[in-house]
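*Asks:* Okay, sequence plus prediction incoming.
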Amino acid sequence: MKTTVIGTAGHIDHGKSTLVRALTGTDPDRLKEEKDRGITIDLGFAHYAQPDGAVLSFVDVPGHERFVKNMLAGVSGINAVLLVVAADESVMPQTREHFDICRLLHVGRGVIALTKADLVDAETLELAKLEVSELVADSFLVDAPIVPVSAVGGDGLDALKSALAEVTRDAPAAGGAGAVRLPIDRVFSMRGFGTVVTGTLATGQLNVDGELLLLPAGRRVKVRGLQVHGAKQAQAEAGRRVAVNLGGVELAEVSRGESLVTPDCFETTRRFDGVVELLASAKPLRHGARVRFHHGTSEVLGRVAVSGPVGAAPDSGSAGRSVADGEITPGGSAYVRVRLEAPAVLTRGDRYVLRAYSPSMTIAGGVVLDPQPPRLGVRTVGGRRRFDRLNRPPELSSVDDRLLAAARVVIEEQAGHGLEVSALVRRLGASSDALERIVEQLEADGAAVRVGDRLVAPAVLDAGRDHLLAALSTYHRDHPLSEGLPREEARERLFRHADASVFERVLADLVAGDRIAARGHLALVSHRVSLSADEERARDAIAEAVRQGGLAPPDAAGLAALGGVDAAVGDRVVKLLIRQKVLVKVDALVFHAETLLRLKTEVSALKPEGSVEPVRVDVGTFKERYDITRKYAIPLLEFLDRERVTRRVGQGRVVL
């Protein structure tokens, strides 16, 4: 069953609610104050089924200028507009503002109803038609049918229904695939049920017992029940007007402007980059101006940072006619960054409306390009070039192509961090099906490489490989006696600002390409430890001095002097001898490997083979046997314990 959501628009007292009641049989004015005052204050809802079974669902909006905020919440999810103009008053201020809002939101289709046609003569009716035609010239309603109607007498209602059926017949279906996204436009409580919210389901499918996330609050809730057009349903598809009975949340914890979404598929933001189009009737919009940001059913205060005109060369030295002295000129369009004073739930491609902070009036609208932009200055050359790359290129006709172009920019901006595949949903507003196609195409085009659960730009990996190779070359030059750069030191020094998976991928690529060896230390495969003549003499002298020292070798601090070199060179030579297993470090002492091997053999021999009698060794007898002091005896006995030659028992040891 196809459902098309139609929003009313028009000046106060032009008969919007009366017309909806005449079309549907349902009075959309539900509040006592509305009935007492005879005006619509908040949103009203009604529907009727056409002969072919398709449903037209109406969102009736208030016409008073004080309630434009409510009107904006109502039209955010509509597929078509019913522009209502009273024939006896013709086009009025809120007619223009409501029409501007629909145009800025790219509603796309609609029907114009000339109400109260029975109250005017033919000449006045024709004049009203002419004025309406002038209003909608060069807009999405330029070819819309204009239907005279009397909601009270019933004249023209059949013609209006036919026009609505024709206009909505080929209305595009809402995005059924992907994550749930339901901007909330009404919240109330029902006895025996609890909290109920309503809205137009923008994307996804709702299911009873499903779990959703309430944003920006961040609270998880459960779908206890669903209604579509007053009938209980087990599930609801995108494009439907739905009422959702929620569990896990109190009435006071939910408000209009929040959204129900699939967990982990959306996130809140306090800034976004986008394109803005200033109405020709508005005053210039200056850089830093405070505005009212309307998106979905929410209103948030924010400030506009003007980057530059759309499409102008960022380094041309000309700001273009759309922007002058940091201001967007009336009728102009520009790239902007909007900083919000409260979090909002945005995705790429979302439409929005800006109203002046004071006095409150509609001044502009636009589209979100990036809901999570980097902290790059928007007025720099680089910042403006980024906007051009993010903006949907006109030569790219398909949605996938435009999303691909944006995905490349977003992934490149992440540098060494890469971008989690799941984050593309939140950044691009893509459906799950489109996301799979985009990722596959990015990899096929060589625009991204999958590294674990992330997508990384190939240039990042190329730069990482070059960086590591250059760093190792420098390290080998400065540390010729070192086996290589310790792995963790390399990651911390060279890839501190990159994700660990990127470092591991760079390392794996270089090892697989036989460029580096990774054995605890990282080294170029061509690296060989090289010694100068002085270092070779020092190596031999130090090794011999330690060997001659036996179990009481020279102090490590004095080995450099024995080798005839300074302390720094001596330290490098000793470390080299240890890596080459010529010397062995035991606590703070350094012994010759041959000496320790001989010691292990001698101590093991203290216990005859096959003997079960314990052979005890204590510090005193060990010192006496090898004529050494406690300084050497204790570290050596602990070494023998570690080598499983002896085992400590009480205050002494036994030979194993």
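*Replies:* Sure, I can see it. Numbers count the residues shown, from 1 in each chain.
*Asks:* Which parts of the stretch 1-150 of the chain are strands?
*Replies:* Applying DSSP state E, counting those that start in this stretch to the stretch 1-150 of the chain gives strands spanning 3-9, 44-49, 55-60, 80-86, 110-115, 146-148.
*Asks:* Need the residues that contact the helix or strand following the shortest one.
*Replies:* Right, strand 146-148. Per DSSP states H and E, the first helix or strand lying C-terminal to strand 146-148 is helix 157-169. Helix 157-169 has contacts (C-beta atoms under 8 Å, 6 or more residues apart in numbering) with 4, 6, 22-23, 50, 52, 54, 56, 79-80, 82, 109-111, 113, 144-145, 147, 149, 151. (Glycine included, C-beta is placed from N, CA and C.)
*Asks:* swap in stretch 435-454?
*Replies:* 400, 403-404, 407-408, 411, 417-422, 424-425, 428, 430, 455-458, 461, 499, 501-502, 505.
*Asks:* So which of the residues you listed are in helices?
*Replies:* Among the contacts of stretch 435-454, DSSP state H puts 400, 403-404, 407-408, 411, 424-425, 428, 458, 461, 501-502, 505 in helices.
*Asks:* Am I right that Ala518 falls within a helix?
*Replies:* No - with DSSP: H, G, I helix; E, B strand; the rest coil as the criterion, Ala518 is located in strand rather than a helix.
*Asks:* Tell me how many other residues surround the closest residue to it other than its chain neighbours.
*Replies:* Distance criterion C-beta to C-beta, 6 or more residues apart in numbering; nearest residue to Ala518, sequence neighbours excluded, is Val511 at 5.4 Å. When neighbours are counted by other C-beta atoms under 10 Å, Val511 registers 14.
*Asks:* ditto for Val228
*Replies:* Val228, neighbours per other C-beta under 10 Å, totals 21.
*Asks:* Bridge partners for it, pull those for me.
*Replies:* Ala231, Val242 (DSSP bridges).
*Asks:* Can you flag the buried ones in the ones in helices among the contacts of stretch 435-454?
*Replies:* Burial by neighbour count, judged by 16 or more other C-beta atoms under 10 Å, picks out 403-404, 407-408, 411, 424-425, 428, 461, 501-502, 505 from the ones in helices among the contacts of stretch 435-454.
*Asks:* sec struct for the residue nearest to Ala518, please.
*Replies:* Going by three-state DSSP: Val511 is helix.
*Asks:* Now do it against Arg519, distance only.
*Replies:* 10 Å (C-beta to C-beta, to the nearest Å).
*Asks:* Ok, Leu531 next?
*Replies:* Counting by C-beta to C-beta - Leu531 and Arg519 are separated by 21 Å.
*Asks:* do the same with Ser76
*Replies:* 60 Å.
*Asks:* quick one, phi/psi of Glu413?
*Replies:* Main-chain torsions, Glu413, degrees, to the nearest 10: phi -70, psi -20.
*Asks:* Numbering from 13 from now on, please.
*Replies:* Sure, I'll start numbering at 13, so the last one becomes Glu425.
*Asks:* Looking at it now. What's its pLDDT?
*Replies:* Glu425 is assigned 80 on the pLDDT scale.
*Asks:* Count the neighbours of it for me.
*Replies:* 18.
*Asks:* same deal with Ala524?
*Replies:* 8.
*Asks:* any idea of the pLDDT on it?
*Replies:* At Ala524, the pLDDT recorded in the model is 95.
*Asks:* And it, how far from Val537?
*Replies:* 12 Å.
*Asks:* that older thread, dump the buried ones among the ones in helices among the contacts of stretch 447-466 into a markdown table; add distance to Gly632 as well.
*Replies:* Shown next, in a markdown table, are those (distance: C-beta to C-beta, whole Å):
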| residue | distance to Gly632 |
| --- | --- |
| Leu415 | 80 |
| Leu416 | 79 |
| Ala419 | 75 |
| Arg420 | 75 |
| Ile423 | 70 |
| Leu436 | 72 |
| Val437 | 73 |
| Leu440 | 77 |
| Leu473 | 62 |
| Ser513 | 56 |
| Val514 | 58 |
| Arg517 | 58 |
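*Asks:* helix/strand/coil for the nearest residue to Val629 once chain neighbours are set aside?
*Replies:* Spatial nearest neighbour of Val629, chain neighbours left out: Arg665 (4.7 Å); criterion: C-beta to C-beta, 6+ apart. Assigned by three-state DSSP, the conformation of Arg665 is strand.
*Asks:* right, and Arg665 touches Arg628 too?
*Replies:* Yes - using C-beta atoms under 8 Å, Arg665 is in contact with Arg628, at 6.9 Å.
*Asks:* picking up where we left off before, Leu543 and Arg531 - which one has more neighbours?
*Replies:* Counted by other C-beta under 10 Å, Leu543 and Arg531 do not tie: Leu543 has more neighbours, with 15 against 9.
*Asks:* What sits closest to the more buried one if chain neighbours are left out?
*Replies:* According to C-beta to C-beta, 6+ apart, the nearest residue to Leu543 is Arg551 (6.5 Å).
*Asks:* tell me which element the one you found falls in.
*Replies:* Arg551 belongs to helix 545-561, assigned by DSSP H and E.
*Asks:* got the buried residues for the helix or strand that that helix is followed by?
*Replies:* Going down the chain from helix 545-561, the next helix or strand is helix 571-575, by DSSP H and E. By 16+ other C-beta under 10 Å, the buried positions in helix 571-575 come out as 571-572, 574-575.
*Asks:* Tabulate those residues (CSV), appending distance to Thr136 and pLDDT.
*Replies:* CSV is the format used below for the buried residues of helix 571-575 (distance: C-beta to C-beta, whole Å; pLDDT from 0 to 100):
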residue, distance to Thr136, pLDDT
Leu571, 110, 89
Ala572, 108, 86
Leu574, 115, 84
Gly575, 111, 84
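*Asks:* In those, find the pair that's most separated.
*Replies:* Ala572 and Leu574 (7.3 Å; C-beta to C-beta).
*Asks:* okay, and the common contacts of those two?
*Replies:* In contact with both Ala572 and Leu574: Ile554, using C-beta under 8 Å, 6+ apart.
*Asks:* Straight-line length of stretch 14-27, end to end?
*Replies:* One end of stretch 14-27 to the other measures 27 Å (C-alpha to C-alpha, to the nearest Å).
*Asks:* Off-centre distance for it?
*Replies:* Relative to its parent chain, stretch 14-27 has a centroid offset of 35 Å by C-alpha atoms, centre = their mean, to the nearest Å.
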